[in-house]
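> Give me coordinates for this.
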Amino acid sequence: MKNKYDLIVIGSGAAGLMAAIISARMGRKVLLLEKLSKIASKLKATGGGRCNLTNTLSNEDFMSRFGRDGRFMQDALNEFNHKTLIDFFTQIGVETHAPDGYRIFPTSHSSATIISALEEELHKVDVTLLCSQKVNQLLYHENQISGVQTQNQTFHAPHVIVATGGLGYPVLGAEGDGYTLASKLGHKVTELHPAMMPLKVKEDWVKNCRADTISKVELRVNLSKHKKLRATGDLIFTNNGIRGPVVLDFAREVTPLLEKYKEVPLLLNLTKGMNEEQIIQHIKEQFSKNPFAKTVEIVTTLLPLALAQEICLLAEINPDELYSKISGTYKVKLIQLLAWTPLSVTGHDGFKMAMITRGGINLKEINPKSMQSKIINGLYFCGEVMNLDGPCGGYNLQWSFSSGFLAGQLKQ
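Coordinates of the predicted model:
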């Protein structure tokens, strides 16, 4: 039969590339289909082009960062964790390191190094790669996958792996193709939300604080039903909101709430975890050193100048007024604001700015020991197309590689 293969992989991101390579290494005839003109477009943009491949956490700690569904990864990680991934790249000529002891990068700090090595390995193991091929339909007969149909050709195979990614970064080809393909065959797709992205806020004072990165900021959702939602990390104020690693991580919790509440109140601890009592003690010490200090001078021992000025103004205090002249009521308000500064998230830029997607194909319909569909025999999934996403720091890329490695073995 013309165009017949042992396996067809749809999508040439991290998951699809790994699945195709591993399956071809096992002696299978593999076809890799990519709808864009080049492979790995999103992988090229990963980590700002530096390509944070993974991190050094143990499997248990790694899974815990994905929340309650993290255990789904156990079998994939047992077969292919960060150590195995490093070995894999070493074997294909890519050296890696962890300059901060946690995040692992190629030593070149360039995603081009990763893509070039993977592409070379594709050729070495004789994977057939066809670009500019968008899959419109999965073919099956009596609950058995039989191939795929693109815009102008039909390809046959008893095994198909869907590795099409999510909806983030549509300029890099993300259109949610995999969700449509899977749902047509009876798979459920959960609600889809943009994640790992900047957030917009209602308050306009943030635009005056754009010059500095604030470290160790704690974010909390200030809604009675969601008070357990919190995160800590570096934060940057923008012209109309907030960004930075902690915001990118926390966005995955906030965007679903925005659809429900339209506005999500946050509380920010900008003083590296200090509580009101510790802030009071700190201010007393600073005041004792300089009894004639302006209020803003006291606050700048905790915060950058621009932010210190805005916090004073929020407390209805003239930043240049002597701290000794401020009444007790306003001092209390200032301390409360230093402990927890309120912000109201009102929006975001949607999937066009989202690095990943929260949501995807229901995990209950996928066998975690093989990544095979529980509905259609011979159909497998890997990577972001599934309902599993993690924070910044190499989590999502490691999961893509691990799930691709497992799926590519075509276990039953």
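
> Tell me where this structure has helices.
Using DSSP state H, the helices of the chain run over residues 14-25, 41-45, 59-64, 74-79, 82-91, 111-124, 177-184, 245-261, 276-289, 295-299, 305-314, 328-339, 395-407.

> weakest of those in terms of mean pLDDT?
With a mean of 85, helix 41-45 has the lowest mean pLDDT of the helices of the chain.

> which residues are contacting that one?
Residues outside helix 41-45 that contact it (CB atoms under 8 Å, 6 or more residues apart in numbering): 13-14, 17, 51, 111-112, 114-115, 165, 168-169, 172-174, 397. All C-beta spots, glycine's among them, are computed from the backbone N, C-alpha and C.

> Pull out the buried residues from those residues.
13-14, 17, 51, 111, 114-115, 165, 168-169, 173-174, 397 (16 or more other CB atoms under 10 Å).

> quick one: which of the residues you listed is nearest Val264?
Nearest to Val264, judged by CB to CB, of the buried ones among the contacts of helix 41-45 is Gly168 at 20.1 Å.

> which residue packs closest to Ile114, ignoring adjacent ones?
Nearest residue to Ile114, sequence neighbours excluded (CB to CB, 6 or more residues apart in numbering): Cys51, at 5.2 Å.

> doesn't Thr107 make contact with the one you found?
No - using CB atoms under 8 Å, Cys51 makes no contact with Thr107, being 10.9 Å away.

> got the helices of the chain as TSV, with distance to Asp6 columns?
Below are these laid out as TSV (distance: least, CB to CB, whole Å):
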stretch	distance to Asp6
helix 14-25	8
helix 41-45	25
helix 59-64	30
helix 74-79	20
helix 82-91	22
helix 111-124	16
helix 177-184	20
helix 245-261	37
helix 276-289	63
helix 295-299	66
helix 305-314	59
helix 328-339	61
helix 395-407	14
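
> right, and the ones you listed - which one's nearest Trp205?
helix 305-314 (4.7 Å).

> what's the closest non-adjacent residue to Arg25?
That would be Val125: by CB to CB, 6+ apart, it lies 5.4 Å from Arg25.

> Quick one: residues contacting the one you found.
Ile21, Ala24, Arg25, Val30.

> which pair in those residues spans the largest distance?
Largest separation among the contacts of Val125 by CB to CB: Arg25 and Val30, giving 9.5 Å.

> The two: who's more crowded?
With neighbours defined as other CB atoms under 10 Å, Arg25 and Val30 compare such that Val30 has more, 28 against 16.

> That one and Tyr5 touch, don't they?
Yes - using CB under 8 Å, Val30 makes contact with Tyr5 at a distance of 6.4 Å.

> wait, doesn't Val189 sit right on Ile361?
Yes - counting by CB under 8 Å, Val189 does reach Ile361; the two are 5.8 Å apart.

> In terms of neighbours, single out the busier of the two.
Neighbour count, other CB under 10 Å: between Val189 and Ile361, Ile361 has more, with 23 against 18.

> what about the more buried one, distance to Leu266?
31 Å (CB to CB, to the nearest Å).

> show me what contacts the spatially closest residue to Lys411 that is not a sequence neighbour?
Counting by CB to CB, 6+ apart, the nearest residue to Lys411 once its immediate chain neighbours are dropped is Ser370, at 3.8 Å. Ser370 makes contact with Tyr380, Leu406, Ala407, Gln409, Leu410, Lys411, Gln412 under the criterion CB under 8 Å, 6+ apart.

> what pLDDT does Ser370 get?
As predicted, Ser370 sits at a pLDDT of 98.

> give me the number of residues near Leu305?
15.

> Report the contact partners of it.
Val296.

> One more pass at 10 Å, please.
Cys209, Ala211, Asp212, Val296, Glu297, Val299, Pro319 (CB atoms under 10 Å, 6 or more residues apart in numbering).

> Pull up the overlap in contacts between Val189 and Ile361.
Shared contacts of Val189 and Ile361, counting by CB under 10 Å, 6+ apart, come down to Gly178, Tyr179, Ala182, Ser183, Val385, Asn387.

> before we move on, the earlier item: so which of the contacts of Val125 is the closest to Thr357?
Taking CB to CB as the measure, Thr357 sits nearest to Ile21 out of the contacts of Val125, at 24.3 Å.
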